[in-house]
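>>> Next one to model:
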Amino acid sequence: MTDSLTASDSVAPEPPAGVRARQIAALSRPRYEVLPLPGTADVVEEHVPVDLAVTVTATPRRGMEPTVALAEGLAMRGYAAVPHVAARLVRDEAHLVDILQRLHEARITDVFVIAGDGAQPVGDFCDSLGLLTAMHRLRRSGATSGLERIGVAGYPEGHPLIGDERLRRALLDKQPLATYVVSQMCFEARTVLGWAAQARATGVRLDLHAGVPGVVDHHKLLRVAGRIGVGESTRFLRRHRHGFVRLLRPGGYRPDRLVAQLTRETPDPGGGIAGLHIYTLGDIAATERWRRRTLERLTRGAADG
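Numbers count the residues shown, from 1 in each chain. Predicted coordinates for the structure are as follows:
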């Protein structure tokens, strides 16, 4: 894909020293989200440093197996793999035990629990709280003793089927069963930071990771969507018109300004956004090239300053 920039997504102006340091810290250790497609493990190994966490999505069309298998494969290659465990794709408690046992054997200690995108659950679990409750019960019995971190989703721009008050209540209900929150992908820093401030005000004390898009070419995104079915990322973009319009511009989208604004307006990691969760949307290589080039530019600026 091309590295050309649109006017609104061009490289942000050079930041002050303190902001630059926060940008460097955020871009040094982001989490990457990848799709469970054939060949993904090879692409990750070719382009992504082994010290970065890699999360693996789950899709209704493919079920949980490709997600677990890719997470196992990434873990074997030395990555901190984080599989998405989608409640609506887990048949029953026996299936959940099998998934967790496989993750334990692969020495995977971090999972991201979501409700899932399927219209109908394949089994006993309808939502993430139900699955988290079952995991907690199993953990007390020793079945999930290897898990150290459990993530849940946050929704800065709301959810099309769930009201804002219900979302806030659900996040508080899940808080005792989780260790961090990752926001759904958002293109506006003000929205993300406002959501983070509101979460803190309502009592959420979990680490908050901002979900941001990586470098995205719209043609490639649509090809990937055709291979895996219309997944949550594509549907999210179509529901959020401004984000999708940005992808349709020549050269696609780069997150320079979004990352700059998130780090500029966050005084310290503990008071707002703890880190970045980058949705690669099928283009791992381009996103990693962007990350490295941005870090090089910021580091040179720090040395010159």
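>>> For whichever strand or helix holds Ala21, the averaged confidence score.
If you go by DSSP states H and E, Ala21 is part of helix 17-28. The pLDDT scores in helix 17-28 average 87.
>>> Which residue ranges of this protein form strands?
31-34, 53-56, 81-86, 110-114, 149-154, 180-183, 207-213, 275-279 (DSSP state E).
>>> can you give me the helices in this structure?
17-28, 40-47, 65-76, 93-105, 128-140, 164-174, 189-201, 218-228, 232-239, 241-247, 256-264, 284-304 (DSSP state H).
>>> now those in JSON lines, with mean neighbour count and distance to Ala153?
Every residue, glycine included, has its C-beta placed from N, CA and C. Output for these, formatted as JSON lines (neighbours: other CB atoms under 10 Å; distance: least, CB to CB, whole Å):
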{"stretch": "helix 17-28", "mean neighbour count": "17", "distance to Ala153": "20"}
{"stretch": "helix 40-47", "mean neighbour count": "17", "distance to Ala153": "21"}
{"stretch": "helix 65-76", "mean neighbour count": "20", "distance to Ala153": "15"}
{"stretch": "helix 93-105", "mean neighbour count": "17", "distance to Ala153": "18"}
{"stretch": "helix 128-140", "mean neighbour count": "18", "distance to Ala153": "7"}
{"stretch": "helix 164-174", "mean neighbour count": "15", "distance to Ala153": "9"}
{"stretch": "helix 189-201", "mean neighbour count": "17", "distance to Ala153": "12"}
{"stretch": "helix 218-228", "mean neighbour count": "15", "distance to Ala153": "19"}
{"stretch": "helix 232-239", "mean neighbour count": "18", "distance to Ala153": "10"}
{"stretch": "helix 241-247", "mean neighbour count": "15", "distance to Ala153": "17"}
{"stretch": "helix 256-264", "mean neighbour count": "21", "distance to Ala153": "18"}
{"stretch": "helix 284-304", "mean neighbour count": "16", "distance to Ala153": "21"}
